[in-house]
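Colleague: next one to model:
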Amino acid sequence: MSSREDHLVELVDETGAAHGQTTVATAHQPPGQLHRAFSVLLVDPDGQVLLQRRAAVKTRFPLRWANSCCGHPRPGESLAEAANRRLREELGAGPVELTEVGVYTYYAEDPATGRVEFEYDHVLRGEFLPSAPLLPDPGEVAELRWADPAALEAELDRDPRSYAPWLAGVVGRLLRPSSFPTAATTTPGSPADDAAERSGGR
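Modeller: Numbers count the residues shown, from 1 in each chain. Coordinates of the predicted model:
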């Protein structure tokens, strides 16, 4: 088990209230345990968002395109602290001022690895200049690219299997934050927005 798989995550109920903790590895074993996570979208002055293609060694949804950075706050760690820690570790970026634009609760099974994502996901927006330095960790990130979020939504409909199953919900909350005042929940066995993955984590 890798060191990151040993890290503790915060278990939560459907309202986001914490009720315990477990390891990353255990939380993502079928049938999955609902836990707190975050997804960061870095946005440039023109409204483009930074996407990363997840490295081949990822235990959940490897080589899928996803948002700029994601991860799990450790028990007692603030979202801003955790997100900036992962921005530094994955992208060599930050610190970045972050704004929460919504919460997205979803469930998805990875057919390639058998791991499960069942996450209470805080969607965070960060302003970022394309000229700012980035030093992606090849153990985390295979590629980076900038994308127009509206065009990305259309591409997610056309080719969902090229993307992480949580990305549609994350981009939706970035584009329409007022439409998602509370967590939109999908339960185990039900679609994660329009990009469900059956039989088969982040």
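
Colleague: for the chain, what spans make up the helices?
Modeller: Ranges of helices in the chain, per DSSP state H, are 3-6, 24-27, 79-91, 149-158, 167-175.

Colleague: helices or strands up against the last one?
Modeller: Going back to what we said before, that points to helix 167-175. On a contact count with 3 or more CB pairs under 8 Å, 6 or more residues apart in numbering; DSSP states H and E, helix 167-175 meets strand 35-43, strand 98-109, strand 116-127, helix 149-158. Heads up, the C-betas are built off the backbone N, CA and C, glycines and all.

Colleague: most tightly packed of these?
Modeller: strand 35-43 (a mean of 25; mean count of other CB atoms under 10 Å).

Colleague: mind checking which helix or strand of the chain has the lowest mean pLDDT?
Modeller: Least confident helix or strand of the chain, by mean pLDDT, DSSP states H and E, is strand 184-185 with a mean of 39.

Colleague: go ahead and confirm residue 146 touches residue 44.
Modeller: Yes: using CB atoms under 8 Å, residue 146 is in contact with residue 44, at 6.7 Å.

Colleague: show me the shaky parts of the protein.
Modeller: 1-2, 180-202 (pLDDT under 70).

Colleague: mind redoing it with 80?
Modeller: By pLDDT under 80, the weakly predicted segments of the chain are 1-4, 178-202.

Colleague: give the residue farthest from the middle of it.
Modeller: Distance from the centre of the chain peaks at residue 131, with 23.7 Å (CA atoms, centre = their mean).

Colleague: how much space separates that one from residue 85?
Modeller: According to CB to CB, to the nearest Å, residue 131 and residue 85 sit 23 Å apart.

Colleague: kindly report the same for residue 29.
Modeller: From residue 29 over to residue 85 (counting by CB to CB), the distance is 24 Å.

Colleague: for residue 16, find the nearest of the helices of the chain.
Modeller: Closest to residue 16 of the helices of the chain is helix 79-91 (CB to CB; 11.3 Å).
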